[in-house]
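> All I have is the shape, not the residue letters:
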């Protein structure tokens, strides 16, 4: 039995890749399917463990949650703000239960420990990757393209569980926003977003687009609808 033929709106249609499920709801039946995030196996069935959008990617089934708080995972990209400086690195507020830590070794060049604020000062915004999660806390890294200090522009918060919709499949949605606003855009999986451009109108349009996407997580064909919105608001 394949993924149910039900649209986001709930009407009977040809098979859709995503649709709303509630905890305990059967998504697929069959031993060939593999449960992933937000799902569990129950006999021959794979059922939803969270409220969200069920997605079938090949034989792997997952649920993208639509509610809930940010749960940090290794490899997540997060946007945070420097809250303190120690002898060994920077304490970063990532809007979680405890702060994260960026070691001084993550600087791309040698830094005098008495001049660490020349690289990152208290209040500065940064985009980093979660390198590890231990009992001590979260360790961050700048090891990756685009990671580092975020200068200029402005930041704002959206629901962390709506971030996958903002990014889109293989980055399709966020690239659409960048292309149509000519802005640099970063979205952390902790829900913080950052946009920058020398054009204020472009930045405001990028923010409006992101907020529209997070307000409509149930809409099918959202990328096409956003393409039309950009065309209408050139």
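Everything's here; your move. Here the structure is a predicted model, which means the values were calculated and not measured. Residues are numbered from 1 along each chain as shown.
> what comes up buried for whichever helix or strand residue 91 is part of?
Residue 91 is part of strand 89-93, with elements assigned from DSSP states H and E. In terms of neighbour count (16 or more other CB atoms under 10 Å), strand 89-93 has its buried residues at 89, 90, 91, 92. Using the backbone N, CA and C atoms, a C-beta is placed for each residue, glycine as well.
> what does stretch 98-117 give?
Residues of stretch 98-117 classed as buried by neighbour count (16+ other CB under 10 Å): 99, 100, 101, 102, 104, 106, 107, 111, 116.
> so, if you compare those residues, which one comes nearest to residue 30?
Closest approach to residue 30 among the buried residues of stretch 98-117 (CB to CB): residue 100, at 40.6 Å.
> Just the local confidence number for residue 121, please.
In this model, residue 121 is scored at 96, pLDDT.
> picking that back up, where strands are concerned, which of the buried residues of stretch 98-117 count?
Residues of these located in strands (DSSP state E): 100, 101, 102.
> In the protein, where's the longest helix?
Taking DSSP state H as the assignment, the helix of the chain that covers the most residues is helix 200-215.
> Show me what it is packed against.
Helix 200-215 sits against strand 154-157, helix 163-167, helix 172-181, strand 184-187, strand 192-196, helix 222-232, with contacts defined as 3 or more CB pairs under 8 Å, 6 or more residues apart in numbering; DSSP states H and E.
> Quick one, which of these gets closest to residue 139.
Relative to residue 139, the nearest member of the helices and strands packed on helix 200-215 by CB to CB is strand 192-196, separated by 18.5 Å.
> Pull the number of nearby residues for the nearest residue to residue 189 once chain neighbours are set aside.
By the measure of CB to CB, 6 or more residues apart in numbering, the closest residue to residue 189 outside its immediate chain neighbours is residue 76, 4.5 Å from it. For residue 76, the tally of surrounding residues (other CB atoms under 10 Å) stands at 20.
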